[in-house]
Structure formats: structure tokens, C-alpha cells
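Student: Quick one: sequence and predicted model below, then my questions.
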Amino acid sequence: MLLLAACAEPQTPESYVAAAKERFSERIAPYQDHPSAQIIGDLGPPDQDTPTKEGGRKLVWERHDSKTIEDKVLPIVCTVTALTNSDDMVYFVMAGGNTVYCSEVFAANPS
């Protein structure tokens, strides 16, 4: 039996971040146009839940950590924000912060 090893392209920091961004986008995209109960059920209670002047809600989840690089402790943060309309349907979801950390901390598939 002949076994062939798959040759992978070397991964650059840019390709690693791009892959993390794509995974994370795929993770949060399904919440758009769905009731807020779905994202709350998957991510847990938001750290902030405030009403909007349009009658909807602004839901924010924050995760904080740190990494030590070259003897320096660097904070890393990920924030997911979802906006709902007056029917409590999510019409906008975005993330901010460290892309790789976001893809790791919010990586679990919804149950």
C-alpha cells in the first residue's frame, strides 16, 4: 500500500488570521435574522443588554484574557455585539477585538 503525505502550504500569520476570521464569521452569521433567544441560548446571558431608541436591544458579550509574549503580558479582548429590532429579531451582528481569540473563545458550536 502506498501512502502519500498531503503537502500543505506553510501557514503565514496573515493566512492564520484570515482563517480565524472566516471561521468566526461562519460562527456568528447564522444569528442574523433570528430571534435573540438563539444567540443568548448559545453564548449565554449578555454582559450588557440595553434598549435602543428604535425599540430594540443592543446585546454585548465580552471576553478578556492575556498572553505573555517576550516577557510582556498583553491583554486580549473579544466583543460580540448584536442589535435587535422591536420584534427582538437580530438584524446585525459584529465582533471586535483580537480575531484569533474571538474564533477560539466563541468557537464552540451551538448546541
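Tutor: Sure, I can see it.
Student: and whichever helix in the chain runs longest, which residues are buried?
Tutor: Longest helix in the chain by number of residues (criterion: DSSP state H): helix 13-28. Under the neighbour-count criterion of 16 or more other CB atoms under 10 Å, helix 13-28 has 20, 23-24, 27-28 buried. (Each C-beta comes from the backbone N, C-alpha and C, glycine too.)
Student: now swap in stretch 73-93 and tell me
Tutor: Here stretch 73-93 shows 76, 78-84, 90, 93 as buried, counting by 16+ other CB under 10 Å.
Student: what's the answer for stretch 55-68, then?
Tutor: Those would be 56-57, 59, 61, 63, for stretch 55-68 by 16+ other CB under 10 Å.
Student: just stretch 96-104 next, same as before
Tutor: Result for stretch 96-104 [16+ other CB under 10 Å]: buried residues 97-104.
Student: Which neighbours in the sheet does whichever strand or helix holds residue 93 have, and how are they oriented?
Tutor: Per DSSP states H and E, residue 93 falls inside strand 90-97. Next to strand 90-97 in the sheet, as set by DSSP bridges, lie strand 72-84 (antiparallel).
Student: then the longest helix of the chain to CSV, C-alphas only?
Tutor: What follows is helix 13-28 as a C-alpha-only set of coordinates in CSV (Å, rounded to 0.1, in the frame of the first residue of the first chain):
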residue,chain,number,x,y,z
PRO,A,13,0.3,34.9,10.1
GLU,A,14,-1.9,36.5,7.6
SER,A,15,-3.4,33.2,6.4
TYR,A,16,-3.9,32.1,10.0
VAL,A,17,-5.8,35.3,10.9
ALA,A,18,-7.8,35.1,7.7
ALA,A,19,-8.8,31.5,8.5
ALA,A,20,-9.8,32.6,12.1
LYS,A,21,-11.8,35.5,10.7
GLU,A,22,-13.6,33.1,8.3
ARG,A,23,-14.4,30.6,11.0
PHE,A,24,-15.7,33.2,13.3
SER,A,25,-17.8,34.9,10.6
GLU,A,26,-19.4,31.5,9.9
ARG,A,27,-20.0,31.0,13.6
ILE,A,28,-21.9,34.3,14.2
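Student: I'm done for today, thanks for sticking with me.
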